[in-house]
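In: No sequence on hand, only this structure:
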Ligand code: MG
Ligand code: MG
């Protein structure tokens, strides 16, 4: 299926401890790339500039960019500014002050995939948009809170949707979802960012999933760009996207990706406004 980084998965593969460590390595490399992006982002730079550096960094670590060539996707990073929700092709357009830029990256290392994403704010971003970013980032952790043995997939979906839509005028994008991850970039199960508590697959140890809320400032409707890839918010208002890969465990999820180096790069880059988390999160993993 061309024009999509998501495809219909087939069955669930539960992972061994050894496999989970390999998945962690691939995910941590993704975060190294996102941290590099966070250290470099500034007005005047283009998506293409970032993409080239990201690919070099991944190959320097003996890994392969997971998105490049996936269903024909032409780049290492998805770079989705402002009203682009996800799957933006890095181009020559220069970033400018006030942009919010969602960056998604995947790696393939030692036979396993890593996947994570982060939305950055360049310069003087409006407070209403900063709040969209904070809420979206926080909703990811609300989902992760539910990703433990004994809960159901719908508990994750519900926690994200309820947190985002109950007290905010924002909308969850429905057409794109999180996913299992392992020897394939996208495995079963699909992990929607909306749903009902107590529904769906019973979560058990060894399940590795990517949770990735995509939230629009305005309405939930999306459209696909003429480039056959980029997904835009139909109303042209900004969108945000944060993603972690994680392993389901007994007491709490083991987050395999790590936003901390990304947040450090963000804090140390004077061109960026930091997206603070709204609440303290427990230590996972
Ligand atoms: Mg991703
Ligand atoms: Mg993903």
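Out: Noted; the coordinates are in hand. Since the structure is predicted, the reported quantities are computational estimates derived from the model, not experimental observations. Numbers count the residues shown, from 1 in each chain. Ligands and ions are numbered 1, 2, ... in the order given.
In: residues in the protein within reach of ligand 1, list them.
Out: With CB under 5 Å from the ion as the criterion, the chain meets ligand 1 at residues 104, 115, 117, 243. The way it works is simple: take the backbone N, C-alpha and C, and place the C-beta from them, glycine included.
In: can you give me the helices in the chain?
Out: Along the chain, counting by DSSP state H, helices occupy 17-40, 47-60, 127-145, 153-166, 260-268.
In: Indicate which one of those helices is closest to ligand 2.
Out: Ligand 2 sits nearest to helix 17-40 of all the helices of the chain, at 10.0 Å, using CB to the ion.
In: Buried residues, the closest one. List them.
Out: 19-20, 22-39 (16 or more other CB atoms under 10 Å).
In: when you check ligand 2, which of the residues of the chain next to ligand 1 turn up near it?
Out: Near ligand 2, by the rule CB under 5 Å from the ion, you find residue 115 out of those.
In: Output the residues of the chain next to ligand 1 in JSON lines, with neighbour count appended to each entry.
Out: Below are the residues of the chain next to ligand 1 laid out as JSON lines (neighbours: other CB atoms under 10 Å):
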{"residue": "104", "neighbour count": "24"}
{"residue": "115", "neighbour count": "28"}
{"residue": "117", "neighbour count": "28"}
{"residue": "243", "neighbour count": "25"}
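In: any idea which of the residues of the chain next to ligand 1 is the one closest to residue 261?
Out: Relative to residue 261, the closest of the residues of the chain next to ligand 1 is residue 117; by CB to CB it sits at 14.3 Å.
In: mind checking how far the closest one is from residue 226?
Out: From residue 117 across to residue 226, the span is 23 Å (CB to CB, to the nearest Å).
In: wait, what's in contact with the closest residue to residue 63 other than its chain neighbours?
Out: Among residues not flanking residue 63 along the chain, residue 109 sits closest, at 3.9 Å (CB to CB, 6 or more residues apart in numbering). Residue 109 is in contact with 22, 25-26, 29, 61-64, counting by CB atoms under 8 Å, 6 or more residues apart in numbering.
In: distance of residue 109 from ligand 2?
Out: For residue 109, the distance to ligand 2 equals 16 Å [CB to the ion, to the nearest Å].
In: And the pLDDT at that residue?
Out: Confidence at residue 109, expressed as pLDDT, is 98.
In: Check the one 4 residues further on too.
Out: With respect to pLDDT, residue 113 has a value of 98.
In: Please name the bridge partners of it.
Out: Here residue 113 sits in beta bridges with residue 108, as judged by DSSP bridges.
In: Go ahead and confirm it touches residue 179.
Out: No: using CB atoms under 8 Å, residue 113 is not in contact with residue 179; the gap is 10.2 Å.
In: Between these two, which contacts overlap?
Out: Between them, residue 113 and residue 179 share the contacting residues residue 185, judged by CB under 8 Å, 6+ apart.
In: Give me the more crowded residue out of the two.
Out: More crowded of residue 113 and residue 179, by other CB atoms under 10 Å: residue 113, with 26 against 23.
In: separation between the more buried one and residue 80?
Out: 20 Å.
In: Look at residue 86 and say how many residues are nearby.
Out: 23.
In: And it, how far from residue 115?
Out: For residue 86, the distance to residue 115 - CB to CB - is 12 Å.
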